[in-house]
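A.B. asks: with the input below, show me the fold.
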Amino acid sequence: MDNIFNITISFIGKLTNLIMAMLSLGIVAEILYGSPVLGMSVMNNVMDVINMLGGNGVVGLIALVILYQLLEKK
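C.D. replies: This is a model prediction of the structure:
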């Protein structure tokens with residue numbers, strides 16, 4: 001049972017790393033080409049999330065800190 005949890009946690013960690021790499025690539029590509037990549041604007045979506053968290057005051061700040069801690073934990 002412990003092995004299943006370790007495999008699942010490892011998979012989720014690798015999937016998160018892949019998503020973050022794709023997000024970074026999308027942002028760089030959008031900056032270089034000046035237009036949305038594959039029909040979706042990565043930078044607008046990221047800015048919408050930041051604005052949503054920022055508009056919620058203290059709760060948004062706490063959520064942002066929690067997300068940062070989850071993504072930085074290795």
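A.B. asks: which residue, other than its chain neighbours, is closest to Met20?
C.D. replies: Leu71 (7.0 Å; Cβ to Cβ, 6 or more residues apart in numbering). The C-beta positions use only the backbone N, C-alpha and C, and glycine is treated the same way.
A.B. asks: from Ile19, how far out is the one you found?
C.D. replies: Distance of Leu71 to Ile19, computed by Cβ to Cβ, to the nearest Å: 10 Å.
A.B. asks: and what of Leu67?
C.D. replies: Distance of Leu67 to Ile19, given as Cβ to Cβ: 13 Å.
A.B. asks: what ranges does this protein have for its helices?
C.D. replies: Ranges of helices in the chain, per DSSP state H, are 2-33, 42-54, 58-72.
A.B. asks: could you identify which of those helices is most buried?
C.D. replies: The highest mean neighbour count among those, using mean count of other Cβ atoms under 10 Å, belongs to helix 42-54: a mean of 13.
A.B. asks: what helices or strands is that helix leaning on?
C.D. replies: Judged by 3 or more Cβ pairs under 8 Å, 6 or more residues apart in numbering; DSSP states H and E, helix 42-54 is in contact with helix 2-33, helix 58-72.
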